[in-house]
Structures are given as structure tokens and as C-alpha cells.
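S.K.: Got a sequence here, can you build the structure:
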Amino acid sequence: MERLLLAQAAGQIGTWEWDAVRDFRRLSPELHRLFGTDPEDPERTEKWAKSVHPADWEKVQQCMSEGHRTGEMDFEYRYLHPQRGLRWFYCKGRSFGSGMFGIVQDITERKQIQEELAESEERYRTVAETASDAILIIDENSTICFANSATVEVFGYKQEELVGKKLTMLMPDSMRHLHETGIQRYVAGGKRHLNWDGTELPGLHRDGREIPLEVSFGEYTKAGKHYFTGFARDISQRKRAEQALRASEQQLRVVTEATPVMIWMSGTDKLCYYFNKSWLDFVGRTLEQEFGNGWAENVHPEDFNRCLQIYVTSFDARQPFEMEYRLRHRSGEYRWIFDHGVPRFTEDGTFEGYIGGCLDIHEQKEAAEKVRLASEALRESEKRSRRLAAIVESSNDAIVSKDLNGIVTSWNKQAERLFGYKAEEMIGRSILTIIPPELHGDEDMILGRIKIGQKIEHFETIRFAKSGERIDVSISISPVRDEHGNIIGAAKIARDIREKRKIERALRTAEKLAAAGRLAATVAHEVNNPLEAVTNLLYLARSTTDRTALLSFLAQADEELKRAAFVSKQTLGFYRERNGVKPLRLGSIIESLVFVFQTKAKNKSILIRSEVRQDPEINAIESELRHAIANLLNNSVDAIFGGGTIRVRVSAGRSWDGTSRRGVRVTVADTGIGINQEHRAKLFEPFFTANKEVGTGLGLWISREIVERHRGYLRFKSRTSPGHSGTAFTIFLPSNSIPRSVES
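M.R.: Predicted coordinates for the structure are as follows:
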């Protein structure tokens, strides 16, 4: 009996006996415990009846009456236990003699499990029917047992068209045998032939086309048999998007590889997967070395934590960021860069990672530091700063930039005022717009020198204004380079020198008058000597009666007169103005000039030697070249004290500006005292002279003006060492160029 009671307690089962005829009821102790009643309580039956769930009371009475009548009782009902709350009971009884005997079992836990299972099945069915993915269940023979409504959208089949059919009807021919052998192998030995989580496989639509699917599998067993659940998602749109994304990324990479900006890209995992050529060139590393967090190895240790915090914080917030840090250059130097990153999103708003661009701002940072250090000094020199600002504001310099094809890329306000063209009129047009046609060759020369990295300083020329006015300008031009050092254009500063030209013309006139005075003194001396000889010979002729002596005196007087006439003829040839450009050779000019200066040189014990090696023909203004070379000869004579030598040489040669133009060279070299080092930089400035006792200080300045107007160059070398002193001036004049006019 004790064992029976223990078994009842363990199974939560109580027993009862009921005889309606004798009105006899007896409940086991376990059943009283289940009901929460006291066997000694006379009202226990009423309390039990009141605890039956009101919604089940009618069913309980009906089942008990029916059980008494039929002798069989079998039903479930809910019971409100005074301590344990709502419970489910299962009551079963059978007739025994004149009464009935039965059991009551607490089935609350089983009912809860059944309810949860029912809810779970309902949730599963709801999810399956509302899912956008096709869900199929097959048995181990690959027969479809279940298909949700999404199979219509994915495969084109209704549910009822699939259930009971083989799964292979949804596969291309190439996949069917692989599937059948794979499922057989798994059922037999548990070996999978593919990944069950998110595998991409081809599917077969009802219309016969293949569709890309992302498939996942699950498995359960029932009654010893295997069942498989498959989830199939049509990823056609994703594949098209991926293809478009790859094409877009390829286009982006083409653009980023061409830009000088250092560009990087990262994925949603914060790891970088792309760096463009400018970045890799900067750090001198490979793309593989920079992958992931490899790029951080180049960040300065003092900047790393700050950079990482900005990057991670901005990344998590999907916000743009800007930061400056030091990055190790391929040379080993840490250089400051400016990094700007922005989040990337697809058209539907899906986050894809970040893209950023970096600029090398090392020079700017250094300049900013210098400015910071100098700020106090600048504040203390406020007056000087205001004066400097006034000079800058009142500057008359036009600043223009152009590319290597001569196309204008920028045009400042002073350029607008000087040339009359607005910036929008000139940007995109050729610089030849403001260059006179006869000077277009200068632009080729300028671009040629810029392309090889040469600067052009203080080049005086002519430019056209929009009004047609010819403007004298002095231009300085420098190459413009990109971050790789490649020359991509030129920056030009043009200064209006029209007033300067007026002053120069006045100075040239003064120098001509001075030169004429010096020449007149030389000529007077050269003519006076033969005239004195003639006077003396005529006196002797009048004083003699000897016919032979008379004829001799008259013949000598005639020779002296011829000498005076020759000097006058050479002088007129030198001084006669010939502004017209014509073909000429310098040999004859050199010979006449040597003759003119011969006497002055002889009086100082100076020997002038001339040599014409080659004498190429050039286009020039004869009187101007006579003037320039005469200045050089005169300076050489004045530079020699106590005797010496002057050598004048004419030869063919090439220019020194890198263009190798053919032309003629004239060299005037002397053995004079030489030019002191401190005087050489100012030698061609107006009014500068190393010898205050002679000259106006304009000779060399005008000589260089004449040579440059003939598109040539004037250079010099000088030594002041005792015993080895001397100076050599060399003029180069091109053969096929036309000189600029005197007004230019």
C-alpha cells in the first residue's frame, strides 16, 4: 500500500471511488492534495465544485452523468487550486459493481507543453507563409512535403503544384545528379557535399530560366526518418547590384588612380581594403602591406591613438571626419597630411564603409608654425606691415598662369586692368591673344625653356591690350609643377614698363649725344694731326726754290689730306643713323671700329688685334650694333693702364639658352685691370660706373638693351688677379630673327 501511495505522488495521480446509489465517495490522500481539500472537512465536496473552472463546470457535470450512465468516464477540465492556481486535470473512471472507480491526474505541464507546441507550430506556419524566401521541406527521398506561398514568387510554382513532387524539378540539369548522390551519401553516412549555411546555387524557374539563389539547409528526424528544410532566396537583384557595384568601383578606381590626392577605402568592418597609387607612392609600400590595419604602421606614434579614436567614433556614428596627422613618407620622413573621410551608402541607404582623401600639408604646417613663431614680431612691426600691405595693394603687376599649350588658366584683377580683358574672356584662350604676331616665336621659346624647368626673369617685350594698344612689359615666368614634380604649366608676372621705356629713350638720347661728343673729340684729334702736317709742308713748299723738294712737299701734303678724308669718311659711316633692318655681316663693322679706336689705343700703348673666323649673315640695325660694339671697345681701352692688348673676334656660334639657335658671336677681350666682384651684379644698371672719372654709366646698359632688342645675349667674364687680370665681353646674335623696333 505504501508503494502505491508513493507511485501516486510521483505521478501526481489520485484515485477515487463513487457509488451514487449508496451516495458514497472516497478520495485518496494524493487526490485530496491535488484538489487542495481536507478529507475531514465536511464541505470538501462543495469546495471542490466551486474550484472547478466556471467555463468547464457544465462539461464536468455532463461527463460525470454520461459516465454514470455508460460506465465509462474520460475527460479533462481546469481547476482553480487554492494555492497553486490554475491546474489541468485528467479524469478517467470505469464502473465497478454498483459504483465507479477511477483516477485523476495533474496534466498541467503536459497541457502547457502542448499549448506552447501549438503556438510554436502556428508561429512557424505564420513565418513560413509570410516569409519572402521560399521554404521547402523534403524527405530523404527528395520528395517535397511542404512549400510555402513564396515559392510562387521565387520559382513560379504554386504550393499544391510542388507538394509530392521531386525537389530536382527546381534544379538545372547540371545540379540534379549532384543533389541526388549528395543526399543519399548524407543519409547513409552523414557526410555533407556542400555548405549548409548561405550557399549560392542556381535554381530553375518555371519559365525555364536559371535564377541565382542563396540557399540554407536544416535537418530534423521524425519516426526514424530524415527530413530537410531548405530556405531559398532569389538574389538576382543582388547579383545585378553587385555587378553594378563592381563596375562602379572599377570606374572609381580608374579615377582615383589618376588623381594626385591620396585615396583610401574601408569596408563595414572598419578595415581598409584599397589605397590608390598616390598613397602607395607616398608611403613606398605595396597594397598588401597596407591592407586591413597595415596602413597604421606608418602613422606617427604620438598621433596614433588620437587618429584611431576619431576614426572609430566617426565610423560608429556614420559621420564624416577630418583630421591631421603625421604619416611616414617613403624617404623615412614623417610628413603632415590632412585626411577627410566620408561614409558610403548605396541607393537604398545601406552602409558600405568609408572613403577618404589625403593631402600632403607638410609645407603648410611648417609655414603655419613659422607664422605662429613670427606672429609676435609681426605685431610689433605693425607700421612696417601696413606699409608692406599698401605696397602690395598698389602693385601694378599682372599675374597670369597658363598650361604647357599656352592656354590661360588664371587671370588676376591687375591683368584685367592692364590688358583690358576680363578673366572670363581670357581663361581657356591662348596667351597668343595678347602677343603681337611678329613675337609669336617668343612664346615658343618661353614654353621651350619652361618645359625643361628654366625660369625667365625680367624679359622685356611687347603685349597687345584689348584696345589694340601695344604695351611695353617686363615679364618673369616660372614653371608650375604638380606634387610629383612634373611641370604642368607656367606662372607669369607682367609689369607695365611704358614709363620706364620713356625714361630709357631719354637716356639713350643722352648717351648718343655723349658718344657723339667722345667721337667728335677723337675725330678732331685724328683730323688735326694731318692738318698740322699739311700746314707745315705748305710752309716748307713756299720757302723752297728747289722744284724736286717742292714736288716732294706737295706729295706729302696730299697724303696727309687723303688721311684726313679717310678719317672723315669712316666717321660719317659710323655715325650716320640707319634704323632700317637689313641683312649684314659684322666683319666690316669691326674693321672700321678698330680703325677709329686705333689712335686712342696707340696713345696708351695698347695693341688692338681683330680676327674674323666666320662671318654669318644676320638681320640687324647697323648703327645700333656699331654703337654697342663701340661701347665695348671704348670700355676696354679705358680699362688698360700702362699698355696691353685688346682682341676682337667674330665667329659663328650657337645660343646659350638651351634652344641652340645658330648665329654670330663677337668677343671683345682686354688685359685691363678687370671688374671687382662687388661691381659685377650692378654692371648693367643705368648710371653705374666703376670708373667715376670717365663715362656716364649708361654705355653697358644701352649695349645690352641693343643686343636684347636684336633677340641676342650679352655676357662677360672678368679676373682681377695681378698678372692675369682682364675682361671679355661676348655678344651672341641669332641669324634668322627680326629685331624689335626701337620703340619696343
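
S.K.: Could you pull out the helices in the stretch 51-200 of the chain for me?
M.R.: With DSSP state H, counting those that start in this stretch, the ranges of helices along the stretch 51-200 of the chain come out as 54-70, 108-130, 151-155, 159-162, 173-189.

S.K.: could you pull out the helices for the stretch 301-450 of the chain?
M.R.: With DSSP H, counting those that start in this stretch, the ranges of helices along the stretch 301-450 of the chain come out as 301-317, 362-380, 382-393, 413-419, 423-426, 440-451.

S.K.: can you list those in JSON lines and add mean neighbour count, mean pLDDT and distance to residue 232?
M.R.: C-beta here means a position set from N, CA and C on the backbone, and glycine is covered the same way. Putting these into JSON lines (neighbours: other CB atoms under 10 Å; pLDDT from 0 to 100; distance: least, CB to CB, whole Å) gives the following:
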{"stretch": "helix 301-317", "mean neighbour count": "13", "mean pLDDT": "93", "distance to residue 232": "34"}
{"stretch": "helix 362-380", "mean neighbour count": "11", "mean pLDDT": "80", "distance to residue 232": "56"}
{"stretch": "helix 382-393", "mean neighbour count": "10", "mean pLDDT": "52", "distance to residue 232": "74"}
{"stretch": "helix 413-419", "mean neighbour count": "18", "mean pLDDT": "90", "distance to residue 232": "69"}
{"stretch": "helix 423-426", "mean neighbour count": "15", "mean pLDDT": "91", "distance to residue 232": "62"}
{"stretch": "helix 440-451", "mean neighbour count": "16", "mean pLDDT": "89", "distance to residue 232": "65"}
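
S.K.: possible to save these as TSV with distance to residue 86?
M.R.: Converted to TSV, the helices of the stretch 301-450 of the chain look like this (distance: least, CB to CB, whole Å):
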stretch	distance to residue 86
helix 301-317	49
helix 362-380	77
helix 382-393	92
helix 413-419	92
helix 423-426	88
helix 440-451	97
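
S.K.: Could you single out the most deeply buried of the helices of the stretch 51-200 of the chain?
M.R.: Among the helices of the stretch 51-200 of the chain, helix 151-155 has the highest mean neighbour count (mean count of other CB atoms under 10 Å), at a mean of 19.

S.K.: So which other helices or strands are in contact with that one?
M.R.: On a contact count with 3 or more CB pairs under 8 Å, 6 or more residues apart in numbering; DSSP states H and E, helix 151-155 meets strand 134-139, helix 159-162, strand 199-204, strand 210-222, strand 225-234.

S.K.: Relative to residue 356, which of the helices of the stretch 301-450 of the chain is closest?
M.R.: Put simply, out of these the one that sits nearest residue 356 is helix 301-317, at 9.2 Å, with distance taken as CB to CB.

S.K.: Residue 224: which of the helices of the stretch 51-200 of the chain is closest?
M.R.: With respect to residue 224, and counting by CB to CB, the nearest of these is helix 173-189 at 11.6 Å.

S.K.: Give the other helices and strands that the closest one contacts.
M.R.: Using 3+ CB pairs under 8 Å, 6+ apart as the contact criterion, the secondary-structure elements in contact with helix 173-189 are strand 199-204, strand 225-234.

S.K.: what's the closest of the ones you listed to residue 376?
M.R.: Judged by CB to CB, the one of those that comes nearest to residue 376 is strand 199-204, at 67.9 Å.

S.K.: what does the closest one contact?
M.R.: If you take CB atoms under 8 Å, 6 or more residues apart in numbering as the criterion, strand 199-204 is touched by 154-155, 169-172, 174-175, 194, 210-216, 232, 234-235.

S.K.: Quickly find the element holding residue 206.
M.R.: For residue 206, there is no enclosing helix or strand under DSSP states H and E.

S.K.: Test my guess that it contacts residue 154.
M.R.: No - with contact defined as CB atoms under 8 Å, residue 206 does not reach residue 154; the gap is 10.1 Å.

S.K.: Leaving out the residues flanking it, which one is nearest to residue 345?
M.R.: residue 351 (5.8 Å; CB to CB, 6 or more residues apart in numbering).

S.K.: residues touching the one you found, list them.
M.R.: Contacts were defined as CB under 8 Å, 6+ apart; by that measure residue 351 touches 268, 318, 343-345.

S.K.: how does it look with 10 Å?
M.R.: Contact analysis of residue 351 by CB atoms under 10 Å, 6 or more residues apart in numbering lists 267-268, 315, 318, 343-345.

S.K.: what's the span of stretch 193-202 from first residue to last?
M.R.: 16 Å (CA to CA, to the nearest Å).

S.K.: Residue 51 versus residue 73, what's the distance?
M.R.: Per CB to CB, to the nearest Å, residue 73 is found 19 Å from residue 51.

S.K.: lowest-confidence stretch among the helices of the stretch 51-200 of the chain?
M.R.: Mean pLDDT is lowest for helix 108-130 among the helices of the stretch 51-200 of the chain, at a mean of 74.

S.K.: Do a quick rundown of the helices in the stretch 601-744 of the chain.
M.R.: In the stretch 601-744 of the chain, the segments counted as helices under DSSP H, counting those that start in this stretch are 622-639, 677-680, 699-709.

S.K.: can you tell which of those helices is closest to residue 435?
M.R.: For the helices of the stretch 601-744 of the chain, the distance to residue 435 is smallest for helix 699-709, at 16.8 Å, taking CB to CB.

S.K.: tell me the average confidence for that closest one?
M.R.: For helix 699-709, the per-residue pLDDT values average out at 86.

S.K.: just checking, what packs against it?
M.R.: strand 456-464, helix 498-543, helix 622-639, strand 713-719, strand 726-734 (3 or more CB pairs under 10 Å, 6 or more residues apart in numbering; DSSP states H and E).

S.K.: which residues sit in contact with the closest residue to residue 110 other than its chain neighbours?
M.R.: Taking CB to CB, 6+ apart as the measure, residue 110 lies nearest to residue 88, with 7.7 Å between them; neighbours along the chain are not counted. The contact partners of residue 88, taken as CB under 10 Å, 6+ apart, are 53, 56, 76-79, 105-112, 114-115.

S.K.: thinking again about what came up before, save the helices of the stretch 601-744 of the chain as CSV, and put in distance to residue 256 and mean neighbour count too.
M.R.: Formatted as CSV, those follow (distance: least, CB to CB, whole Å; neighbours: other CB atoms under 10 Å):
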stretch, distance to residue 256, mean neighbour count
helix 622-639, 58, 22
helix 677-680, 53, 11
helix 699-709, 48, 21
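
S.K.: gap between the spatially most central residue of the chain and residue 739?
M.R.: Most central in the chain under CA atoms, centre = their mean is residue 261, positioned 2.4 Å from the mean C-alpha point. Counting by CB to CB, the gap between residue 261 and residue 739 amounts to 48 Å.

S.K.: same question, residue 404
M.R.: Remark: distance between residue 404 and residue 739 (CB to CB) = 28 Å.
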